[in-house]
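Peer 1: no letters, just coordinates:
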DNA sequence: CTAGGGTTAG
């Protein structure tokens, strides 16, 4: 009785909000025991993505799987299976899609075109050629390969995986090609990087739709060819929000924020993606202020907008602001649930602040809310734990990574560097090289600082010189660490020579390292040289000058020390005067 | 079939 009523409602229920209500009703009524046919109807009418529904489906599937063959979904026919498979694929659960398709096949259910196209799409997304091929074979056997949708799905699969000849063959076999078939082939040429052939295909499409245009424009935009992208954009007859977003994203990638902003302002119906594209552009170019302005201007912020803004703060050295916004996100009753993406930025912010106790909070938050730790979140946690000296946890996380990459190795090596664990840093470095994971500038910063902190000058030199072997030019920062290392070892002359040999302008950090070392060794000669450069490079010179004064004092040059301090006082005075004068003119 | 969010140094 109840089921019949529910079923009736489900049929009527096209509005997502209602679907949610009904879903709640299903939960209350122990949905695990409802007949499967009800399941696919729920899915069929639940138009909007919702975590609840996904977990709901997962539970249903688990029930199916754990109940062995005998209880294999009675009444779940080809159509129902197809709906389930399609549902998962539509919600980007691609691994699950393929798994479910295989489950269906193993249950002896003949595939529907729905199931096949969804499974093919999923295989393409997760680059699973093996299952993709067998699905192709099954489609052939079931006589589904005469269906345009299935054939187009094959073109899509082979295109995505870079088998452009096979894609072309599948395309040629389609009797009644539709625009989606053409677009899939176009996608294939774009994926394989053959822009010329892609352009020829594009020109041949009889009825180009907005996706055809968007595909070709996005390929020009990705290449950085914004003049072609823009002229095509201006030519296209009907623009979708995606078209605008592609163009804006293209300008953002070229760091042309002015132009990006022009199109952003001109865009009629901006959506959340548009705003996020702009925010991330400002984030990458370090323009936190503009990002902030846009963020406050935005009326209906979704969770991804918060994620973007938090990341913006975290990436631009404003960890406190990142945390403030994060707590706002938690406090506002918007129902935004932080996930692994939000947390990776938040952990990074805490790490920058040196608040290592935060790790425990995150841990309990993760277990409480069932968030799955992925490699990126692990990496930020590794950084946090290494900085806090919690090596056990860091190493455990590190060994548990799905795929160790340059960033995670660098985080480990940097952590070793901070804690003076040069041997371990070196071991990790050799390990990553053996695994053909290429080190970058950050890796060497960490490694060099490990040698520097342990006073291993010989090793440091070897490491510094080996950077060329990895096609890396030492940056001013790397020179700075070397100067620091040599200086601490008392080799001031050598450090000075190294600075003079630098191919780029030494920055204040480099000279500062020499100044610091001069202080440790009470060497006024190099202290003077270093300090004069520092004063030249930085607006606030008081710290450098007082350091020099200390050096003078320690070597007994009282007059010089006094002169420096006097100069400092005068500078301070003129600054205050200047300030009060500016303030005075305001009124 | 097209558009958006994350991790390592300074």
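Peer 2: It's in. This structure is a prediction, so every number in the text was calculated from the model and none was measured.

Peer 1: residues touching residue A:375, list them.
Peer 2: Residue A:375 makes contact with A:401, A:402, A:403, A:405, A:408, according to C-beta atoms under 8 Å, 6 or more residues apart in numbering. To be clear about C-beta, it is placed using only N, CA and C from the backbone, and glycine gets the same treatment.

Peer 1: and with 6 Å instead?
Peer 2: Residue A:375 makes contacts with A:401, A:402, as judged by C-beta atoms under 6 Å, 6 or more residues apart in numbering.

Peer 1: right, and residue A:454 touches residue A:422 too?
Peer 2: Yes. Under the criterion of C-beta atoms under 6 Å, residue A:454 makes contact with residue A:422 at 3.9 Å.

Peer 1: quick check: residues of the stretch 1-150 of chain A near DNA strand B?
Peer 2: Within the stretch 1-150 of chain A, the positions near DNA strand B by C-beta under 7 Å from any atom of the strand are A:121, A:124.

Peer 1: so residue A:250 versus DNA strand B, what's the distance?
Peer 2: Separation of residue A:250 from DNA strand B (C-beta to the nearest atom of the strand, to the nearest Å): 9 Å.

Peer 1: in which helix or strand would I find the residue lying closest to that residue once chain neighbours are set aside?
Peer 2: Leaving aside its chain neighbours, residue A:250 sits nearest to residue A:221 (2.9 Å; criterion: C-beta to C-beta, 6 or more residues apart in numbering). Assigned by DSSP states H and E, residue A:221 belongs to helix A:210-223.

Peer 1: which strands and helices lie in contact with that helix?
Peer 2: helix A:179-191, helix A:226-235, helix A:241-253 (3 or more C-beta pairs under 6 Å, 6 or more residues apart in numbering; DSSP states H and E).

Peer 1: and the second one with DNA strand B, contact?
Peer 2: It stands for helix A:226-235. No. Judged by C-beta under 7 Å from any atom of the strand, helix A:226-235 stays clear of DNA strand B, getting no closer than 11.7 Å.

Peer 1: give the buried residues for that helix.
Peer 2: A:226, A:228, A:229, A:230, A:232, A:233 (16 or more other C-beta atoms under 10 Å).

Peer 1: spatially, which two of the residues you listed are the most separated?
Peer 2: Taking C-beta to C-beta as the measure, the buried residues of helix A:226-235 span a maximum distance of 10.6 Å, between A:226 and A:232.

Peer 1: any regions of the stretch 451-587 of chain A where pLDDT drops low?
Peer 2: For the stretch 451-587 of chain A, residues meeting the criterion pLDDT under 70 lie at A:573, A:575-587.

Peer 1: mind running it again at 80?
Peer 2: Within the stretch 451-587 of chain A, the ranges that satisfy pLDDT under 80 run A:539-541, A:571-587.

Peer 1: where does it come near DNA strand B, residue by residue?
Peer 2: Within reach of DNA strand B by C-beta under 7 Å from any atom of the strand, the stretch 451-587 of chain A has these residues: A:475, A:477, A:509.

Peer 1: now the first one: closest residue in space, sequence neighbours ignored.
Peer 2: For residue A:475, ignoring the flanking residues on the chain, the nearest one in space by C-beta to C-beta, 6+ apart is residue A:441 at 5.9 Å.

Peer 1: from DNA strand B, how far out is the one you found?
Peer 2: For residue A:441 relative to DNA strand B (C-beta to the nearest atom of the strand), the value is 4 Å.

Peer 1: quick one, grab the pLDDT at that residue.
Peer 2: Confidence at residue A:441, expressed as pLDDT, is 95.

Peer 1: and what of residue A:425?
Peer 2: For residue A:425, the pLDDT comes out at 96.

Peer 1: which helix or strand contains it?
Peer 2: Here residue A:425 is assigned to helix A:422-434, by DSSP H and E.

Peer 1: cool, and residue A:347?
Peer 2: helix A:340-353.

Peer 1: elements contacting that helix?
Peer 2: Applying 3+ C-beta pairs under 6 Å, 6+ apart, one finds that helix A:340-353 contacts helix A:303-315, helix A:319-331, helix A:375-387.

Peer 1: can I get those in CSV including mean pLDDT?
Peer 2: Formatted as CSV, the helices and strands packed on helix A:340-353 follow (pLDDT from 0 to 100):
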stretch, mean pLDDT
helix A:303-315, 95
helix A:319-331, 93
helix A:375-387, 95
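
Peer 1: residues in contact with the helix holding residue A:425: which ones?
Peer 2: A:409, A:412, A:413, A:416, A:417, A:447, A:450, A:451, A:454, A:456.

Peer 1: burial count for the second one?
Peer 2: When you say that, I think you mean residue A:412. As a burial measure, residue A:412 scores 29 neighbours (other C-beta atoms under 10 Å).

Peer 1: how about residue A:357?
Peer 2: Residue A:357 sits with 10 neighbouring residues when counted by other C-beta under 10 Å.

Peer 1: gap between it and DNA strand B?
Peer 2: For residue A:357, the distance to DNA strand B (C-beta to the nearest atom of the strand) stands at 17 Å.

Peer 1: which residue packs closest to that residue, ignoring adjacent ones?
Peer 2: residue A:388 (7.9 Å).

Peer 1: so the one you found sits against residue A:356, correct?
Peer 2: Yes. Counting by C-beta under 6 Å, residue A:388 touches residue A:356, with 2.8 Å between them.

Peer 1: more neighbours: the two, which one.
Peer 2: residue A:388 (20 against 16).

Peer 1: so which residue of the stretch 1-150 of chain A comes closest to DNA strand B?
Peer 2: Residue nearest to DNA strand B within the stretch 1-150 of chain A: residue A:121 (4.6 Å; C-beta to the nearest atom of the strand).

Peer 1: give me phi/psi at that residue?
Peer 2: Note on residue A:121: its backbone torsions stand at phi -60, psi -50 [degrees, to the nearest 10].
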